[in-house]
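Participant: need a structure here:
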Amino acid sequence: MARRWIMLMLTAVFLAACAGTAPNVLHVQAGPGGLSSKKEEINDRGLARRIAFGEVSIRPLDLGSSMEAQVVLQNTSSRDVVFEYRFIWYDAAGFELSTVTSWIPAGLSGKEARGFKSTAPGPNAVSFRCMVRNLRPLTDTGS
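Facilitator: Predicted structure coming up:
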């Protein structure tokens, strides 16, 4: 009986730890003419073994009024992977400019690589974060 209780508690702790895992993040700083630096932050090693950040492309839109970014995500496994991603844009002082920061569900087939795009919300955007996490189940709001 005590052994079952211990196994149940260990399982509960493991599930709670998995549910609270922070997303993997790619921090990108844009300079004149495009990309000036990028840095990966890996918080979920299991997800990092299945999805890798690839090439980053940045292009200006409408004579410097804004920019568009594309990050290639690569499925490094042979199985299909489902996940959620989002982009958050920042100004030079580090303040968030994004108006919509909801997670977008997506998936990649085995070994597939595909670009995911986002457009800066305004001309003063200088950096962004592309965040990737495991797909989270929707919660019932009771309505």
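Participant: Run through the helices of the chain in chain order.
Facilitator: For the chain, the helices defined by DSSP state H occupy 2-19, 45-48.
Participant: any idea which of those scores lowest on pLDDT?
Facilitator: Mean pLDDT per stretch puts helix 2-19 lowest among the helices of the chain, at a mean of 51.
Participant: Can you show me the strands along the protein?
Facilitator: For the chain, applying DSSP state E gives strands covering 24-31, 34-41, 51-61, 66-75, 81-91, 104-108, 113-119, 125-134.
Participant: residues making contact with the second one?
Facilitator: With contacts defined as C-beta atoms under 8 Å, 6 or more residues apart in numbering, strand 34-41 is touched by 24-31, 53, 56-59. Heads up, the C-betas are built off the backbone N, CA and C, glycines and all.
Participant: Next, count neighbours for residue 75.
Facilitator: Residue crowding around residue 75 was assessed by other C-beta atoms under 10 Å; the count is 20.
Participant: What of residue 122?
Facilitator: 13.
Participant: before we move on, what about the one 3 residues further on?
Facilitator: Counted with other C-beta under 10 Å, the burial measure for residue 125 works out to 20 neighbours.
Participant: now swap in residue 68 and tell me
Facilitator: Other residues close to residue 68 by other C-beta under 10 Å number 13.
Participant: got any ranges where this structure has weak pLDDT?
Facilitator: 1-20, 64, 139-143 (pLDDT under 70).
Participant: Could you rerun that using 50?
Facilitator: Along the chain, segments meeting pLDDT under 50 span 5, 12-19.
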